[in-house]
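Chemist: with the sequence up front, the predicted model follows.
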Amino acid sequence: MSQPTADPSDPGRPMPDGLAPEPVTPGGGPVEPAAGTGGTPATAAEDEVVAELEESLAEAEEHDLFPYQAVVLTSFGGPEAPEEVMPFLRRVTGGRGIPDERLAEVAEHYHHFGGKSPINDQNRALVAALQEELQRRGLTLPVLFGNRNSEPFLTDTVRDAHEEGMTRLLSITTSAYSCYSSCRQYREDIAAAVDALATEGRTVDVDKIRQYWNHPGFSRANARIVTEGARQMMERTGVAPHLVFVTHSLPLAMDETSGPGDEEGHLYSRQHLELSAAVAEEVSATLGTELGHDLTYCSRSGPPSQPWLEPDVNDHLRELAGRGVRHVVLAPIGFVSDHMEVVFDLDTEAVETAEELGLDLLRVPTVGTDPEFVSGLVDLALERAAEARGGQPVRPTWPGERPRPSTCLPGCCPNLRVDRRAACGMD
Ligand SMILES: CC1=C(CCC(=O)O)c2cc3nc(cc4[nH]c(cc5[nH]c(cc1n2)c(C)c5CCC(=O)O)c(CCC(=O)O)c4C)C(CCC(=O)O)=C3C
Ligand SMILES: [Fe+2]
């Protein structure tokens, strides 16, 4: 960790400069006397209303997540019944040129599990864990849940929040890395929700925590999980396993253009390469033996003519077996929960490939509701709130020392097909 002593959320430490809430009300000014009194003396009932309002505004200013009134876990979504599978897939791929055969094939993956993706249950568990962690720190804000591609839809969640009187929300997305699919597309869907509600006369602002691939809550939890898996395998077999990291493949053009718009590009694959190397080094140091490692990709789609990031995890397992590797720890560092990509593409397909090859394969879990990860997400929310108040909070990272900006730079991770407004950025 680059700045191990600075934890803005640690209640035991005094707040660094700039972290104290600004003395403003959510409405931007002092509380007005009850409206409609027309200069006549206030009734006891009106006095009571004003007192309650003042009290609730004072409460809203006290907490460390001010100016936010709720946290919204924002995720991809997934079907929960067989009849939801095709509508979900059409929503996800709408106009994106995914061949019909690929859609039918992916539909089969869902039907293989009774038409239900595990992703929503996993996110509901994460919502509960986040709520518990906030409460543990004395923060009483609600944690809401909204999806991009299935119920509960983000727009409906934000509308309900507005009905409850909320106008400023903080989104925590279930996506750690930087590319169009994992960052800007979420920002576009947040903007679409905000804009849809604006047409109903509802004004809501939504900010987002930074991409957290190198926030210690995510990266250190992954390092620990992979270490545990490798240790188990070593104790069982007496052999140091090979580490195979895996993430979602992307069209090469999407990887090339991922990043801050500084024309360096390839940020998505570079982030994964950097974390894979750091975790492998950490595991090797902890277990006292050098473990080999590679980064691989899964869940390729799109037309065969379009180049995507490689090697595919199955191809790579074949290559490793050919080189005489017998024991593999498979670490899905690209994902935050064991959703369909993990239970089908890895636990079903890659496991089958390994069986054919006679490889001993251990797939370690994603971060899920790991307490270190959940606590890291709350730290990230506190960090974002401090920034929203004009402060300059400490922004811990591992590996490296370059946190992603919480407001994306112009042109970052562009949509290569159409122009859509994106929230949480400078463009
Ligand atoms: C980077 C990335 C993440 C990780 C970041 C994040 O988590 O957001 C991710 C997650 C997910 N992807 C998911 C599902 C799907 N992704 C698809 C298609 C695509 N994903 C892409 C990228 C990513 N995807 C891309 C470049 C495409 C091609 C078409 C397009 O440009 O959009 C398709 C269409 C069919 C197909 O082609 O496979 C489906 C059904 C689910 C739900 C799983 C469940 O139900 O449990 C989750 C969590
Ligand atoms: Fe996907």
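Modeler: Happy to help now that I have it. From a predicted model like this one, the values you see are computed outputs, not experimental measurements. Residues are numbered from 1 along each chain as shown. Ligands and ions are numbered 1, 2, ... in the order given.

Chemist: C-alpha from now on. contacts and neighbour counts both.
Modeler: Fine.

Chemist: ok, residues contacting whichever strand or helix holds Tyr297?
Modeler: Element membership for Tyr297 (DSSP states H and E) is strand 293-298. Outside strand 293-298, the residues that touch it by C-alpha atoms under 8 Å, 6 or more residues apart in numbering are 242-249, 272-273, 276-277, 280, 309-313, 316, 341, 345-346.

Chemist: so which of those belong to strands?
Modeler: Among the contacts of strand 293-298, the ones falling in strands (DSSP state E) are His242, Leu243, Val244, Phe245, Val246, Thr247, His248.

Chemist: among those, which are in reach of ligand 1?
Modeler: His248 (C-alpha under 6 Å from any ligand atom).

Chemist: distance from the chain centre to stretch 412-427, please.
Modeler: Stretch 412-427 has its C-alpha centroid displaced from the chain centroid by 18 Å (C-alpha atoms, centre = their mean, to the nearest Å).

Chemist: endpoints of it, how far apart?
Modeler: One end of stretch 412-427 to the other measures 9 Å (C-alpha to C-alpha, to the nearest Å).

Chemist: is that stretch in proximity to ligand 1?
Modeler: No: taking C-alpha under 6 Å from any ligand atom as the criterion, stretch 412-427 and ligand 1 are apart, separated by no less than 9.7 Å.

Chemist: buried stuff in that stretch?
Modeler: For stretch 412-427, the neighbour count (16 or more other C-alpha atoms under 10 Å) marks Cys412, Cys413, Pro414, Asn415, Arg421, Ala422, Ala423, Cys424, Gly425 as buried.

Chemist: among these, give me the pair with the biggest separation.
Modeler: Asn415 and Cys424 (15.1 Å; C-alpha to C-alpha).

Chemist: contacts only, for the nearest residue to His63 once chain neighbours are set aside.
Modeler: The shortest distance from His63 to any non-neighbouring residue, by C-alpha to C-alpha, 6 or more residues apart in numbering, is to Leu139 (6.5 Å). Residues near Leu139 by C-alpha under 8 Å, 6+ apart: His63, Asp64, Leu65.

Chemist: most neighbours of all these, which one?
Modeler: Leu65 (26 neighbours; other C-alpha atoms under 10 Å).

Chemist: right, and the helix or strand after the lowest-mean-pLDDT helix or strand in the chain?
Modeler: Ranking every helix and strand in the chain by mean pLDDT, DSSP states H and E puts helix 44-62 at the bottom, with a mean of 71. Remark: after helix 44-62, the chain's next helix or strand is strand 70-75, criterion DSSP H and E.

Chemist: what residues does the stretch 251-400 of the chain have near ligand 1?
Modeler: Ser301, His339, Met340, Glu341.

Chemist: determine which two of the residues you listed are furthest apart.
Modeler: Ser301 and His339 (16.9 Å).

Chemist: and these two? which has more neighbours close in?
Modeler: His339 (21 against 16).

Chemist: wait, the more buried one touches Pro118, no?
Modeler: Yes: His339 is in contact with Pro118 according to C-alpha atoms under 8 Å; the separation is 5.4 Å.

Chemist: wait, Pro332 sits on Gly368?
Modeler: No: under the criterion of C-alpha under 8 Å, Pro332 makes no contact with Gly368, lying 11.4 Å away.

Chemist: so for the two, which residue has more residues nearby?
Modeler: Per other C-alpha under 10 Å, whichever of Pro332 and Gly368 has more neighbours is Pro332, with 28 against 19.

Chemist: next one: that one from ligand 1, what distance?
Modeler: Going from Pro332 to ligand 1 by C-alpha to the nearest ligand atom, to the nearest Å gives 11 Å.

Chemist: ok, Ala107 next?
Modeler: From Ala107 to ligand 1 the distance is 8 Å (C-alpha to the nearest ligand atom).

Chemist: do you have the helices of the stretch 1-150 of the chain handy? List them.
Modeler: 44-62, 85-93, 100-111, 119-136 (DSSP state H, counting those that start in this stretch).

Chemist: residues of the third one that come out buried?
Modeler: Yep, that's helix 100-111 we're talking about. Leu103, Val106, Ala107, His109, Tyr110, His111.

Chemist: packing partners of that helix?
Modeler: helix 85-93 (3 or more C-alpha pairs under 8 Å, 6 or more residues apart in numbering; DSSP states H and E).

Chemist: who are the packing partners of the helix it packs on?
Modeler: helix 100-111.

Chemist: what does the helix it packs on contact?
Modeler: Residues contacting helix 100-111 (C-alpha under 8 Å, 6+ apart): Pro82, Val85, Met86, Leu89, Lys116, Ser117, Ser301, Gly302, Met340, Phe344.

Chemist: specify the angle between that helix and helix 85-93 in degrees.
Modeler: If you take axes from the mean of the first three to the mean of the last three C-alpha atoms, to 10 degrees, helix 100-111 sits at 130 degrees to helix 85-93.

Chemist: quick one: average pLDDT of helix 100-111?
Modeler: In this model, helix 100-111 carries a mean pLDDT of 91.

Chemist: tally of neighbours for Gly302?
Modeler: So Gly302, with other C-alpha under 10 Å, has 17 neighbours.

Chemist: what number of residues lie near the closest residue in space to it that isn't next to it in sequence?
Modeler: Nearest non-adjacent residue to Gly302, counting by C-alpha to C-alpha, 6+ apart: Ile98, 5.0 Å away. Using other C-alpha under 10 Å, Ile98 has 15 other residues around it.

Chemist: give me the distance between Ile98 and ligand 1.
Modeler: Taking C-alpha to the nearest ligand atom, one finds Ile98 at 6 Å from ligand 1.

Chemist: again with Ser75
Modeler: Ser75 is 7 Å from ligand 1, by C-alpha to the nearest ligand atom.

Chemist: so who does that residue touch?
Modeler: Ser75 neighbours (C-alpha under 8 Å, 6+ apart): Asn123, Gly146, Asn147, Arg148, Thr173, Thr174, Ser175.

Chemist: ok, back up a step: which of the helices of the stretch 1-150 of the chain sits closest to Glu163?
Modeler: Here helix 44-62 is closest among the helices of the stretch 1-150 of the chain (C-alpha to C-alpha), at 16.8 Å.

Chemist: ok, and the closest non-adjacent residue to the residue minimising distance to the centre of the chain?
Modeler: In the chain, the residue lying closest to the centroid (C-alpha atoms, centre = their mean) is Thr174, at 2.4 Å. Distance criterion C-alpha to C-alpha, 6+ apart; nearest residue to Thr174, sequence neighbours excluded, is Ser75 at 5.4 Å.

Chemist: swap in Val279?
Modeler: Ala223 (5.0 Å).

Chemist: pop out the phi and psi values for that neighbour.
Modeler: phi -60, psi -40 (degrees, to the nearest 10).
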